[in-house]
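In: The sequence isn't on hand, but the structure is:
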């Protein structure tokens, strides 16, 4: 989070952090760069170089924010989950290109690597692809990653029951996609019925401070 909590209100900051981690230049043809003024770019660029004012995060919600910013959906938020909800509302037919959100095992902890998704979002914008297809491809990538992680845990530990919970699961598209994939693999899926989804999250590797 470049600038700490300020990045939760400005998804473009998170998007540019992810671009940096993915090795993609901050070119003005990308929405989170075009939407930022020179002062904002200079300030965040300084944070990237120095690491000052940067807070590592593992929030899956921030990845949704970053993709919404990259696709030009939302650059400023006024309430929790706004960018992710607006991204979900645009989901249409997938564009046929499978986005990847790889799952890797780091010392027994499963992590998602967001860099291929960020690269795919940037490429989608540069190709002029419809946002509806890109939004669908992103949600499918997340559902595939959840499924891959669950199957890895089942293979390692014999667990066959999965609970879909956390701050990104109020999204209607995501639990439906995850549930279908998991049940197709013979897993039992639990979802919220009597209490709302809590504001916990899936885990991403922390974004390095520089």
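Out: Okay, I see it. This one's a predicted model, so the numbers in the text were calculated from it and none came from an experiment. Numbering: from 1, shown residues only.
In: Point out where this protein drops to low pLDDT.
Out: Applying pLDDT under 70 to the chain flags residues 3-4, 94-96, 198-210.
In: Quick check: the residue most central in space within it vs residue 142, distance?
Out: Nearest residue to the geometric centre of the chain (CA atoms, centre = their mean): residue 63, 2.6 Å. Per CB to CB, to the nearest Å, residue 63 is found 8 Å from residue 142. The C-beta positions use only the backbone N, C-alpha and C, and glycine is treated the same way.
In: any idea which element residue 104 lies in?
Out: In this assignment (DSSP states H and E), residue 104 forms part of strand 103-106.
In: partner strands of that strand, parallel or antiparallel?
Out: With DSSP bridges as the test, strand 103-106 is paired with strand 109-112 (antiparallel).
In: who touches the following helix or strand past the strand it pairs with?
Out: Later in the chain than strand 109-112, the nearest helix or strand by DSSP H and E is helix 115-127. Helix 115-127 has contacts (CB atoms under 8 Å, 6 or more residues apart in numbering) with 15, 18-19, 21-24, 29-31, 63, 66-67, 70-72, 95, 97, 99-102, 133-134, 137-138, 141.
In: Among those residues, name the buried ones.
Out: Buried members of those, scored by 16 or more other CB atoms under 10 Å, are 15, 18-19, 21-22, 24, 30-31, 63, 66-67, 70-72, 95, 99, 101, 133-134, 137-138, 141.
In: Can you tell me which of those residues end up in helices?
Out: In this view, the buried ones among the contacts of helix 115-127 that belong to helices under DSSP state H are 15, 18-19, 21, 31, 63, 66-67, 70, 133-134, 137-138, 141.
In: Identify the farthest-apart pair in those.
Out: Using CB to CB, those span at most 24.4 Å, a distance reached by 21 and 133.
In: ok, the nearest residue to residue 82 once chain neighbours are set aside to residue 102 distance?
Out: Spatially, and ignoring its direct neighbours in sequence, residue 82 is nearest to residue 74 (6.4 Å; CB to CB, 6 or more residues apart in numbering). Using CB to CB, one obtains 26 Å as the distance from residue 74 to residue 102.
In: can you check residue 8 too?
Out: 25 Å.
In: what helices or strands is the helix or strand containing residue 146 leaning on?
Out: Using DSSP H and E, the element containing residue 146 is helix 131-157. Where contact means 3 or more CB pairs under 8 Å, 6 or more residues apart in numbering; DSSP states H and E, helix 131-157 is packed against helix 82-89, strand 103-106, strand 109-112, helix 115-127, helix 173-184.
In: contacts for the helix or strand following that helix?
Out: The helix or strand immediately downstream of helix 131-157 is strand 161-163, counting by DSSP H and E. For strand 161-163, contacts defined as CB under 8 Å, 6+ apart pick out 150, 178, 182, 187-191.
In: Perfect, that will be all.
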